[in-house]
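Colleague: When you get a sec, could you give me coordinates for this:
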Amino acid sequence: MSMTTSTSSANQVYLFRLEALIKDGGTAVVRNIIDQKLENVPLHKVLANERSKIFTLRGNRAIRRADYELLYPATGIPKIESIDLSLALCLLQHLKCFQFNRDYIRSTLPNSTDFSPDADLCRLQIYRSQIASMQSTTAVGETEFRMRWTEIEEVLLRLNNRVQQPVYDLREIIDRSKYFPLGVADNMEREEHIVGRNTSLKRRIEMKTQRSPKDTCIFDGRPIILEDDDMDCLDKSLKWFARGGFGDIYKGEELFDIPVAVKKIKTENDKSMLDITTSEMMVSRIRYQFILPLLATCCRKGEYWFISPYCENGDLAKAIPEDINKTPNELDVRRRINIVFQLAKAIEYLHTPVKNVRDAIIHKDISSPNVD
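Modeller: As a prediction, the model looks like this:
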């Protein structure tokens, strides 16, 4: 790889990380601010009282039609977890119940000595717009990255520290956006700014830059939906290696930079299929270093595929001899402690609810065959 190509790729990563910081950190903080300003008043009641104002915002194109329909769904009630950063900032700035200082509704940054919450919300919106406008350039240099990162991070931390119940894992969100290796899902999203969103997974992966297996093992938890040609390409490389509780499991090599395990599930029982798919899609929302991620899903002719990284060494059940006291094995004390530690951290992560994101998750089947 040439130095020019390497530098260009790194600069694209800088832009992607800034986008992740704004999207993940900013959304978590602003949703939390709205939630606490509501003071236990249901969101749908506030929106009902402010409907005429929101209708005006829609007419002025400050709110898109899709956002309006999200706030006033045909069935059910709106949830704060469904509101993205742009819509959340718009609501905070324009609805009277949130008491936002309208002097800060502008396109220029507030005075550098003004650290009021409204000033910081104004800064956050301007930073978001600036980062979004950079997507056409697809890259940002290291110096600019460090400067913008510091500005955005300081705003997020100040806003979070001024509420009674701050986002408890904001530091984790910030660090994850800055340091976590980018995997296939991240790079695909980054490359979509360049090649467009109507390209198949196979074509997008052909266009990617070289990555090491270590980098491609880390994904952001958002599953890729495979198209028919992607499934055909992957299906040719599949080799059966195990029988699971609900279907066969295959090892595949195509489409991804790492070997993958493909779980094929086919059942005529609607309830069983609902339970299976609900469980698998719940996994798709989990992003944690000690939990095996769901990389991709697809469905064809009533058969569901769930694709995860393939673990070369098998599961813990296979690593433990039947007669552990007499048979030599590779699980020395250090490795056992490491396994227990990682398992405990994974369980702690699942059992800890994330406000405005998800409830606690109970696994119900933690056993050696499920530890890879």
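Colleague: what bits of this protein have low per-residue confidence?
Modeller: Where the chain drops to pLDDT under 70, the residues are 1-11, 135-139, 180-225, 244-246, 254-257, 267-287, 301-302, 321-330, 354-358, 364.
Colleague: pretty sure W149 is touching K178, no?
Modeller: Yes - using CB atoms under 8 Å, W149 is in contact with K178, at 7.0 Å. C-betas here are computed from N, CA, C, even on glycine.
Colleague: Between these two, tell me which one has more neighbours.
Modeller: Each of W149 and K178 has its neighbours counted (other CB atoms under 10 Å); W149 has more, 17 against 14.
Colleague: quick one: common contacting residues for W149 and K178?
Modeller: R17, L21 (CB atoms under 8 Å, 6 or more residues apart in numbering).
Colleague: Run a quick neighbour tally on P42.
Modeller: For P42, using other CB under 10 Å, the count is 11.
Colleague: Now do the closest residue to it other than its chain neighbours: how many residues are near it, please.
Modeller: Sequence neighbours aside, I77 is the residue nearest to P42 in space, at 7.5 Å (criterion: CB to CB, 6 or more residues apart in numbering). Counted with other CB under 10 Å, the neighbours of I77 add up to 13.
Colleague: I77 contacts H44, correct?
Modeller: Yes - taking CB under 8 Å as the definition, I77 is a contact partner of H44 at 4.3 Å.
Colleague: What segments of this protein are strands?
Modeller: Assigned by DSSP state E, the chain shows strands spanning 224-225, 239-243, 248-252, 260-265, 296-300, 303-309.
Colleague: could I get those strands as JSON lines with distance to Q289?
Modeller: Rendered in JSON lines, the data for the strands of the chain read as follows (distance: least, CB to CB, whole Å):
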{"stretch": "strand 224-225", "distance to Q289": "20"}
{"stretch": "strand 239-243", "distance to Q289": "24"}
{"stretch": "strand 248-252", "distance to Q289": "23"}
{"stretch": "strand 260-265", "distance to Q289": "18"}
{"stretch": "strand 296-300", "distance to Q289": "20"}
{"stretch": "strand 303-309", "distance to Q289": "13"}
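Colleague: Quick one: closest of the ones you listed to S367.
Modeller: Ranking the strands of the chain by their distance to S367 (criterion: CB to CB) puts strand 239-243 first, at 15.3 Å.
Colleague: packing partners for that closest one?
Modeller: strand 248-252 (3 or more CB pairs under 8 Å, 6 or more residues apart in numbering; DSSP states H and E).
Colleague: Run through the neighbouring helices and strands of the strand it packs on.
Modeller: With contacts taken as 3+ CB pairs under 8 Å, 6+ apart, strand 248-252 sits against strand 239-243, strand 260-265.
Colleague: If we use 10 Å, what do you get?
Modeller: When contacts are defined as 3 or more CB pairs under 10 Å, 6 or more residues apart in numbering; DSSP states H and E, strand 248-252 sits against helix 228-235, strand 239-243, strand 260-265, strand 303-309.
Colleague: can you redo the ones you listed as a markdown table with distance to V340 and mean neighbour count?
Modeller: Putting these into a markdown table (distance: least, CB to CB, whole Å; neighbours: other CB atoms under 10 Å) gives the following:
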| stretch | distance to V340 | mean neighbour count |
| --- | --- | --- |
| helix 228-235 | 35 | 16 |
| strand 239-243 | 25 | 11 |
| strand 260-265 | 24 | 21 |
| strand 303-309 | 22 | 20 |
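Colleague: do you know which of these lies nearest P293?
Modeller: Per CB to CB, nearest to P293 of those: strand 303-309, 6.7 Å.
Colleague: before we move on, back to that, okay, and the common contacts of I77 and H44?
Modeller: Jointly contacting I77 and H44 under the rule CB atoms under 10 Å, 6 or more residues apart in numbering are L71.
Colleague: and the protein, what are its domains?
Modeller: As recorded under automatic domain parsing, the domains making up the chain are 3-179, 315-372.
Colleague: What's the end-to-end length of the last one?
Modeller: Meaning domain 315-372. Start and end residues of domain 315-372 are separated by 4 Å (CA to CA, to the nearest Å).
Colleague: roughly how far is that domain from the heart of the chain?
Modeller: Distance of domain 315-372 from the chain centroid (CA atoms, centre = their mean, to the nearest Å) equals 23 Å.
Colleague: what do you get for stretch 14-33?
Modeller: Taking CA atoms, centre = their mean, one finds the center of stretch 14-33 at 11 Å from the center of the full chain.
Colleague: which of the residues in that stretch are buried?
Modeller: Under the neighbour-count criterion of 16 or more other CB atoms under 10 Å, stretch 14-33 has 14-22, 24-33 buried.
Colleague: what do you get for stretch 93-101?
Modeller: Q93, H94, L95, F98, F100.
Colleague: quick check, nearest of these to K236?
Modeller: Nearest to K236 among the buried residues of stretch 93-101, counting by CB to CB, is Q93 at 53.0 Å.
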